[in-house]
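1. Requesting a structural model of the entry that follows:
(2 chains)
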2 protein chains.
Amino acid sequence: MSSQASSSATGEGKKKHILINAFDMSTIGHLSPGQWKQPGDQSTTKRRLDYWINLAKLLEKGDINALFLADTYGGYDTYENSLDNCIRRAAQWPMTDPTIPISAMAAVTKNLAFGITASTSFEPPFLLAKRFSSLDHFTQGRIGWNIVTSWKKSAFKAIGIETPIEHDERYLQADEYMQVLYKLWEGSWSDDAVVADATKDEYFDPDRIRTIKHHGKYYDLESRHIVDPSPQRTPFLFQAGTSEAGSTFGGKHAEAVFVSSHSPSVLRPKVDSIRRQAAAHGRDPRSIKFFGTFTPILARTDEEAQAKYQDLRKSASTVGGLVLFSGWTGIDISKLPLDQEITAADSKEAHKVTSIMSAFTTTSAEMTRWTPRTVAEKASIGGLGPVGIGSPATVADEMERWIKEADLDGFNIAYVTTPGTFEDVIELLIPELRRRGLYPEKLEEGLTAREKVYGKGQSKLRDDHFGSSFKYDVYREEAAHSEKSGDELGNREEIAKAPEACVIAGAAQIRYSGSDAAVLDKEPSVGSQLREALPRHLFKQWPRP
Amino acid sequence: MSSQASSSATGEGKKKHILINAFDMSTIGHLSPGQWKQPGDQSTTKRRLDYWINLAKLLEKGDINALFLADTYGGYDTYENSLDNCIRRAAQWPMTDPTIPISAMAAVTKNLAFGITASTSFEPPFLLAKRFSSLDHFTQGRIGWNIVTSWKKSAFKAIGIETPIEHDERYLQADEYMQVLYKLWEGSWSDDAVVADATKDEYFDPDRIRTIKHHGKYYDLESRHIVDPSPQRTPFLFQAGTSEAGSTFGGKHAEAVFVSSHSPSVLRPKVDSIRRQAAAHGRDPRSIKFFGTFTPILARTDEEAQAKYQDLRKSASTVGGLVLFSGWTGIDISKLPLDQEITAADSKEAHKVTSIMSAFTTTSAEMTRWTPRTVAEKASIGGLGPVGIGSPATVADEMERWIKEADLDGFNIAYVTTPGTFEDVIELLIPELRRRGLYPEKLEEGLTAREKVYGKGQSKLRDDHFGSSFKYDVYREEAAHSEKSGDELGNREEIAKAPEACVIAGAAQIRYSGSDAAVLDKEPSVGSQLREALPRHLFKQWPRP
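-> Coordinates of the predicted model:
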């Protein structure tokens, strides 16, 4: 337990300001299934525009950087090998399209940015390019895109693909997808293509709008971009994935990476590694911003916050938590009796569970013995991500620890109840962060999503970003970037061999960040954290050491 | 010229009420290229939400039924075999995604419906199903879908398909696409799947949410629908196409058909035919509503309206008109000198143009000799659709004539300047229609898009609609509708042989309704109107008589 006195806020202004996003999903539950039962929770009203409009107004008023929206095309069906309990407990299913309420929220705000999850695996790049250009226009440049490649088998089956594309292949495809998008967003239109000369009956100058000719391994198209340049052209690029291929992708394309871990010390080498990869791409490694998941349970005092937590526990869905746990880890925990202590010797599943959960207890004395029910208690509030319970000072201490130890730039704040958690953050936490000099006193007004991160004037991709090589005045069709796809990302053998890549692959991780859609690089069955956490002989596909 | 006296308004209330939609597209120009030069025209501000919000408020206040939005993924490149002049004159290019501003408009209205164009050719049905379910939720049931299959070569190239799918094949594919959608929208969720029982920790009952298993010729998927039922489930179904395959499709699926013709007498047999096809599907033939394009130029008096028209002509883009004409007809009119009279003997192109344009002059004494410039004058104001110029009485007379002669149920009103044309309609025309008993005095409030057409209580598909056979309580997976795809639509040989189909194919038509997206059945090069208008030996693919 921390106290106000322990906070190191001195108002020197030497600390870096952090960025705070609200993390939501167009579904009941998200990272805390069962809380729809709490009085005041509004998650069952997400089908009405009012929910989103009120949330946007709240976040804008509270100087929150962005609303970050996860998305998916499938549910979690590992638990009992069925979607039934995912449905019954409303554990991230069903789900509406996150793009639809954006313009209603944009209309009532001027500063709030929006991060929207969309997959590179399910639609032609031209469709996504048109949609995000439209979003960027209508929000006046306040759009970010959380790039995911998708992994859920259920999603692929819904789309009509029986077998999900293999993980690394998805990234090679995503890399080429990005090149097509940069060509359309950055390379097709000159900034001065709008002429609007009535005497000449000329509105646009076609000579300043290039036809993109892309003939790559995965995509073939020829077209000018059908949307005139939006304020940012390329939306601000989020990515969520720290697997080897995911990190390589992120080091090249991401301007912000969404990460999740149970421990800052486990996270740190991954953050360092992605920054190094960015540097290898000629980028300022500090220009990639890292956002960690974080679920706060706040009250005026630690005691009140603990009481609140105990109350929230009563609403938590035990089975909902297990559905999420099973979905994220690939382990069907339903095979273990709910209240029986799990001992590693019992079964393969039991062994896996204890290995994973032990990772959560090494830095605290909380629990050392697990039953599926206690696993569920952890998983059903804040997913498996960090949960900060306490007074503003206590929670701010914990956040500061994450910032320092993991080298984070900000947080995606997950809610337990909505909008309750966000109200608490704005009312209690942000004032405390301000007292510590960690949060700006006032956000500059009217900035684009990218300017909010990089400063006024930087609405377009930074010059050191890979996508800038496709900018209209720089890009030459002859240079044929598209030919290099795959090679540029590094071929798979090389990824597997690279010592750095092994560091990344070796870092323990569970992608419990909330949804497949907020998790770019989750494998269909078992994530690479499991590979780290568990004996290697269990995994035939273990990458060479 | 008509006068107030000639109007037959008697207030008997025996006339059927008509439906009026505003017709727009997220682009400068739409059906009247060049009018961005007019003072007061706001078409160049369509990238700002304000344009759409203000338009929605205006239409709502004016008791307009719906805002109908065209869309496309490509531009018109027949003229000079290039997209350059389409771009230069801003003739329906560039273009944002019409779904994006919807929620902002929905937030400021309660009654206005929205018709959004989307194609069955470019994305998996599950994506479209999720998006439209989301739209229907967030508008509280005010969504219509204008089903198109797309035809522009430029659009297919942008998507990455070198050769557009052949016309009739596109319809067979679209028919199966619809079956997948009905299964998801109608057949997956029971109405009582929401349980919300806190004591049981149960929000949804998975036993009342069916997994759709579709294994057809074009689509294979297995999934529950990822969105809980929206107010209408299936959005109100618009369709625009009167080719043989289009009419067969419309008779089966459409609840409203968007038609366009230069003459009501040419249109009538097509309307009759689709109603007959609906009857053959066991539907009430009157339940399909027909909306004709119509561009009014209104003022208090005929003289003022004519003066207004003369002023608008000055802003019209001659080349823009030719770009549209060439795009719609497949004739590159740039090959003919701009001010030289076109005589049929001159060239193949000249012959085609005179044939088409003569169709426009048979019922009036306007012009009998054409130059490309005079063709452009016609095409650049209101496209090639009917333009009504005059006092409210004159224009209402013309509309009444269309209603009676073509058996229309309403109009998609195209603008010359926006929002000017819509303001005139609301201020001048609708009061006149009300005086004649053609327009309801007040719209009932809070209705869904379908209720606005079929009456309160009919938010879901009518029982006589094909899609109703997929409703949760009716549909049986064993019945395997998907197996019948193709056959149900009628195979192509049968379509070609059917006498009725020949009537449809024989009816002269140009798809000048505004965009490929508002035109479901346009062929890549030459439409079937041309086949009617021109000597048959010119067309190798002419269907047997």
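2. Now do A:D311: how many residues are near it, please.
-> As a burial measure, A:D311 scores 11 neighbours (other Cβ atoms under 10 Å in any protein chain shown). Quick note: C-beta positions are derived from backbone N, CA and C, even for glycine.
3. mind checking the SS state of it?
-> Secondary structure for A:D311, judged by DSSP: H, G, I helix; E, B strand; the rest coil, is helix.
4. and the closest residue in space to A:E441 that isn't next to it in sequence, how far is that from chain B?
-> Nearest residue to A:E441, sequence neighbours excluded (Cβ to Cβ, 6 or more residues apart in numbering or on different chains): A:R434, at 6.2 Å. Taking Cβ to the nearest Cβ, to the nearest Å as the measure, A:R434 falls 31 Å from chain B.
5. buried set for the top strand by length along chain A?
-> Looking across chain A with DSSP state E, the single longest strand is strand A:289-298. By neighbour count on 16 or more other Cβ atoms under 10 Å in any protein chain shown, the buried set for strand A:289-298 is A:289-298.
6. Pairing partners for that strand, with directions?
-> strand A:256-259 (parallel), strand A:387-390 (parallel), strand A:410-414 (parallel) (DSSP bridges).
7. you'd agree A:F291 is up against A:V257?
-> Yes - contact criterion Cβ atoms under 8 Å: A:F291 and A:V257 qualify, at 7.2 Å.
8. Identify the contacts common to the two.
-> Applying Cβ atoms under 8 Å, 6 or more residues apart in numbering or on different chains, one finds that A:F291 and A:V257 are jointly contacted by A:F238.
9. Tell me who's in contact with A:I100.
-> Counting by Cβ under 8 Å, 6+ apart, A:I100 touches B:99, B:102-103, B:131, B:134-135, B:138.
10. Let me have the buried residues of strand A:289-298 in a markdown table, extended by pLDDT and distance to A:K348.
-> Shown next, in a markdown table, are the buried residues of strand A:289-298 (pLDDT from 0 to 100; distance: Cβ to Cβ, whole Å):
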| residue | pLDDT | distance to A:K348 |
| --- | --- | --- |
| A:K289 | 98 | 39 |
| A:F290 | 97 | 34 |
| A:F291 | 97 | 35 |
| A:G292 | 96 | 31 |
| A:T293 | 95 | 29 |
| A:F294 | 97 | 33 |
| A:T295 | 97 | 30 |
| A:P296 | 98 | 36 |
| A:I297 | 98 | 35 |
| A:L298 | 98 | 40 |
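11. Go through those residues and say which is closest to B:V108.
-> Of all the buried residues of strand A:289-298, A:F291 has the smallest distance to B:V108: 33.0 Å, by Cβ to Cβ.
12. Near chain B, which residues of the stretch 301-450 of chain A are found?
-> Proximity of the stretch 301-450 of chain A to chain B (Cβ under 8 Å from any Cβ of the partner chain) is limited to residues A:317-320.
13. Count residues in the vicinity of the residue in the stretch 251-400 of chain A positioned nearest to chain B, would you?
-> Residue of the stretch 251-400 of chain A nearest chain B, by Cβ to the nearest Cβ: A:S317 (5.2 Å). Other residues near A:S317 come to 28 when the count uses other Cβ under 10 Å.
14. Distance to A:I209 added to the strands paired with strand A:289-298, as TSV?
-> Shown next, in TSV, are the strands paired with strand A:289-298 (distance: least, Cβ to Cβ, whole Å):
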stretch	distance to A:I209
strand A:256-259	30
strand A:387-390	50
strand A:410-414	37
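15. Include mean pLDDT when you put these into JSON lines, please.
-> Below are these laid out as JSON lines (pLDDT from 0 to 100):
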{"stretch": "strand A:256-259", "mean pLDDT": "95"}
{"stretch": "strand A:387-390", "mean pLDDT": "97"}
{"stretch": "strand A:410-414", "mean pLDDT": "98"}
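16. In the stretch 351-500 of chain A, where is pLDDT below threshold?
-> For the stretch 351-500 of chain A, applying pLDDT under 70 flags the ranges A:359-368, A:478-500.
17. Mind jotting down where the helices sit in it?
-> Counting by DSSP state H, counting those that start in this stretch, the stretch 351-500 of chain A has helices at residues A:372-379, A:392-406, A:420-424, A:430-435, A:449-454, A:492-497, A:499-506.
18. Make a markdown table from those and add mean neighbour count to it.
-> Output for the helices of the stretch 351-500 of chain A, formatted as a markdown table (neighbours: other Cβ atoms under 10 Å in any protein chain shown):
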| stretch | mean neighbour count |
| --- | --- |
| helix A:372-379 | 22 |
| helix A:392-406 | 22 |
| helix A:420-424 | 21 |
| helix A:430-435 | 19 |
| helix A:449-454 | 23 |
| helix A:492-497 | 14 |
| helix A:499-506 | 17 |
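19. For those helices, give me TSV that also has distance to B:G241.
-> Formatted as TSV, the helices of the stretch 351-500 of chain A follow (distance: least, Cβ to Cβ, whole Å):
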stretch	distance to B:G241
helix A:372-379	51
helix A:392-406	57
helix A:420-424	47
helix A:430-435	55
helix A:449-454	40
helix A:492-497	47
helix A:499-506	53
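20. contacting residues for A:S188?
-> So A:S188 contacts A:209-212, A:224-225, A:472 (Cβ under 8 Å, 6+ apart).
21. Just the buried residues of those.
-> A:209-210, A:212, A:224-225, A:472.
22. From these, pick out the ones that also neighbour chain B.
-> Among the buried ones among the contacts of A:S188, chain B is touched by A:209, A:224-225 when using Cβ under 8 Å from any Cβ.
23. I'd like to know how far the residue nearest to the residue of the stretch 251-400 of chain A closest to chain B when sequence neighbours are not counted sits from B:A396.
-> Sequence neighbours aside, A:G34 is the residue nearest to A:S317 in space, at 3.0 Å (criterion: Cβ to Cβ, 6+ apart). Separation of A:G34 from B:A396 (Cβ to Cβ, to the nearest Å) stands at 60 Å.
24. Look through the stretch 201-350 of chain A and state the residue closest to chain B.
-> Nearest residue of the stretch 201-350 of chain A to chain B, counting by Cβ to the nearest Cβ: A:S223, 3.5 Å away.
25. buried stuff in the helix or strand in which A:I274 is found?
-> Using DSSP states H and E, A:I274 maps to helix A:264-280. Buried residues in helix A:264-280, counting neighbours by 16+ other Cβ under 10 Å, are found at A:264, A:266-268, A:270-275, A:277-279.
26. for the residue of chain A most remote from its centre, phi and psi?
-> Of all residues in chain A, A:T199 has its C-alpha farthest from the mean position, at 49.4 Å, by Cα atoms, centre = their mean. Here is the backbone geometry of A:T199 (degrees, to the nearest 10): phi -70, psi -30.
27. That one and chain B, how far apart?
-> Distance, A:T199 to chain B, using Cβ to the nearest Cβ: 9 Å.
28. Let me know the pLDDT of that residue.
-> On pLDDT, A:T199 comes in at 97.
29. can you pull the contacts of the closest residue to the residue of the stretch 201-350 of chain A closest to chain B other than its chain neighbours?
-> Among residues not flanking A:S223 along the chain, B:A158 sits closest, at 3.5 Å (Cβ to Cβ, 6+ apart). Shown in contact with B:A158 (Cβ under 8 Å, 6+ apart): A:126, A:221-223, A:226, B:73-74.
30. go on, A:E186?
-> A:233-234, A:461, A:467-468, A:470-472, A:475.
31. just those now: which is nearest chain B?
-> Using Cβ to the nearest Cβ, those come closest to chain B at A:R233, 13.3 Å.
32. Quick check: that closest one touching A:L461?
-> Yes - judged on Cβ under 8 Å, A:R233 makes contact with A:L461 at a distance of 7.3 Å.
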